[in-house]
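Asker: Sequence first, predicted coordinates after that:
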Amino acid sequence: MARIITVAAAQLGPIQRSDSRASCVARMIVLLQEAAKQGCDLVVFPELALTTFFPRWFVEDIHDADHWYEKSMPNADTQPLFDEAKRLHIGFSLGYAEITEHGERFNTQILVEKDGRTVAKYRKVHIPGHEKHEPDRPFQHAERYYFTPSNEGFGVWKAFGGRVGMMICNDRRWPETYREMGLQGVEMILCGYNTPLHYVPDPSQDALAGFHNALVMQSGAYQNGTFVVGVAKGGIEEGVDSLADSCIIGPSGEILAKTETNGDEIAVATCDLDWCYQYKNTLFDFDRYRRPEVYQRITGQRGAIVAE
Ligand code: ING
């Protein structure tokens with residue numbers, strides 16, 4: 001029996017600093033309802049989908065940023081989203097800023113099944129940007145100030161009839177992310193992102209932002225025989241233009257569906273999870289072809305060691 005997931009990449013346009021969580025939830029409910037009309041089982045929302053991308057500003061006292069974080073999930077602001085998804089019998093994945101009871105701050109994503117149960121939580125491993133205020137920048141990208149890198153690694157969960165994993169934004173640029181999940185048999189990886197089109201450390205990369213976004217996700221999908229769903233918060237948010245290009249990618253590496261705008265929009269694809277095995281059982285038969293006995297550097301080193 002074919003295992004099919006009809007999935008929506010539910011892209012959001014900008015969320016301005018003054019936009020309430022309720023307004024974001026209302027926008028996401030509209031996308032949920034559109035996805036239901038197209039027979040979707042699963043809807044994937046972006047990274048930090050409840051607020052503006054607040055690492056764009058630096059605050060000396062981090063407690064002045066506490067209001068950007070969720071202390072619990074669901075909560076009063078997000079309960080309507082959980083309720084509507086359950087009513088529509090649709091699962092979803094949601095990115096948000098999490099603060100724990102111990103005061104730890106994570107860039108977090110959850111997976112909620114069709115019956116409303118939260119079945120998985122992932123906390124961002126690869127934290128990009130900078131730790132300290134860099135006043136000369138046109139805008140900050142101080143994620144390393146606002147979020148702790150998770151040491152929990154990458155999980156793969158049985159959900160929606162398959163094996164589903166999650167990654168967040170910068171995670172998608174590191175091949176280790178996909179392989180860690182590939183070695184757990186992942187069949188669909190869900191990813192939200194907030195990616196400014198202007199990369200302050202090297203503006204020559206700006207023109208390649210869309211190419212690099214697709215490159216890393218298409219490669220990761222193909223090299224691990226998995227679907228990848230990449231979902232943007234796009235458009236001009238507080239003056240910063242962010243990449244859209246949300247897409248759904250098959251285990252062949254082909255883009256199956258893509259958004260056309262940089263606003264609130266869904267891209268939908270019907271995914272036959274068994275397609276993964278045309279790659280997992282041939283070219284990327286890990287157990288037959290991989291050589292971990294010669295890969296020591298990958299887990300033994302952080303930076304490159306260049307022989308003199
Ligand atoms: N954003 C970025 C990403 O990897 C970044 C980091 C910033 C890339 C600016 C390029 C330009 O897509 C997040 N949130 O990880």
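Answerer: Arrived safely, thanks for sending.

Asker: can you count the residues close to the closest residue to the ligand within the stretch 201-308 of the chain?
Answerer: Nearest residue of the stretch 201-308 of the chain to the ligand: residue 209, at 6.7 Å (C-beta to the nearest ligand atom). Using the backbone N, CA and C atoms, a C-beta is placed for each residue, glycine as well. Residue 209 has 18 neighbouring residues, counting by other C-beta atoms under 10 Å.

Asker: repeat for residue 63
Answerer: Neighbours of residue 63 under the rule other C-beta under 10 Å: 8.

Asker: That one falls within a helix, correct?
Answerer: Yes. Residue 63: assigned to a helix according to DSSP: H, G, I helix; E, B strand; the rest coil.

Asker: measure residue 4 to residue 42 for me?
Answerer: Per C-beta to C-beta, to the nearest Å, residue 4 is found 11 Å from residue 42.

Asker: From residue 145, how far out is residue 213?
Answerer: 24 Å.

Asker: same check, this time on residue 76
Answerer: Applying C-beta to C-beta, the value for residue 76 to residue 145 is 28 Å.

Asker: These two: which is more packed in?
Answerer: Neighbour tally, residue 76 and residue 145, criterion other C-beta under 10 Å: the higher count belongs to residue 145, 19 against 9.

Asker: now that one, what's its secondary structure?
Answerer: Of the three states, residue 145 takes helix under three-state DSSP.

Asker: Now do the same contact list for it.
Answerer: Contacts for residue 145 (C-beta atoms under 8 Å, 6 or more residues apart in numbering) come out as 55, 58, 62, 130, 131, 132.

Asker: Among those residues, list the two that are farthest apart in space.
Answerer: 62 and 130 (14.4 Å; C-beta to C-beta).

Asker: rewinding a little: and of the contacts of residue 145, the nearest to residue 264?
Answerer: Checking these against residue 264 with C-beta to C-beta, the nearest one is residue 55 at 22.0 Å.

Asker: number of nearby residues for the closest one?
Answerer: A count of nearby residues for residue 55, using other C-beta under 10 Å, gives 25.

Asker: repeat for the one 10 residues further on
Answerer: For residue 65, the tally of surrounding residues (other C-beta under 10 Å) stands at 19.

Asker: Pull out the buried residues from the helix or strand containing residue 95.
Answerer: Residue 95 belongs to strand 91-99 when assigned by DSSP states H and E. Neighbour counts over strand 91-99 (16 or more other C-beta atoms under 10 Å) mark 91, 92, 93, 94, 95, 96, 97, 98, 99 as buried.

Asker: which one among those residues gets closest to the ligand?
Answerer: Nearest to the ligand, judged by C-beta to the nearest ligand atom, of those is residue 95 at 9.8 Å.

Asker: Correct me if wrong: that closest one contacts residue 44.
Answerer: No. The criterion here is C-beta atoms under 8 Å, and residue 95 misses it with residue 44 at 9.1 Å.

Asker: Mind listing the shared neighbours of the two?
Answerer: Taking C-beta under 8 Å, 6+ apart as the contact rule, the neighbours common to residue 95 and residue 44 are residue 192.

Asker: Can you tell me which residues in this structure are near the ligand?
Answerer: Along the chain, the residues adjacent to the ligand under the rule C-beta under 6 Å from any ligand atom are 128, 141, 169, 170, 173, 193, 194, 195, 196, 199.

Asker: Take those and lay them out in CSV including neighbour count.
Answerer: Shown next, in CSV, are those (neighbours: other C-beta atoms under 10 Å):
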residue, neighbour count
128, 15
141, 21
169, 25
170, 20
173, 18
193, 26
194, 28
195, 24
196, 18
199, 15
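
Asker: Pull out the buried residues from the helix or strand where the residue of the stretch 201-308 of the chain closest to the ligand lies.
Answerer: Using DSSP H and E, residue 209 falls within helix 209-224. Under the neighbour-count criterion of 16+ other C-beta under 10 Å, helix 209-224 has 209, 213, 214, 216, 217, 218, 219, 220, 221, 222, 223, 224 buried.

Asker: Next, work out how far apart the fifth one and residue 68 are.
Answerer: Here the criterion is C-beta to C-beta. By it, residue 217 lies 27 Å from residue 68.

Asker: all strands in the protein, in order from the N-terminus.
Answerer: 4-11, 42-44, 91-99, 105-112, 118-123, 156-159, 162-168, 188-193, 227-232, 235-237, 240-242, 247-249, 255-258, 265-272 (DSSP state E).

Asker: TSV for those strands, including mean pLDDT and distance to residue 308?
Answerer: Below are these laid out as TSV (pLDDT from 0 to 100; distance: least, C-beta to C-beta, whole Å):
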stretch	mean pLDDT	distance to residue 308
strand 4-11	99	47
strand 42-44	99	47
strand 91-99	99	44
strand 105-112	99	39
strand 118-123	98	39
strand 156-159	98	41
strand 162-168	99	36
strand 188-193	99	39
strand 227-232	99	40
strand 235-237	98	46
strand 240-242	98	42
strand 247-249	99	41
strand 255-258	99	44
strand 265-272	99	49
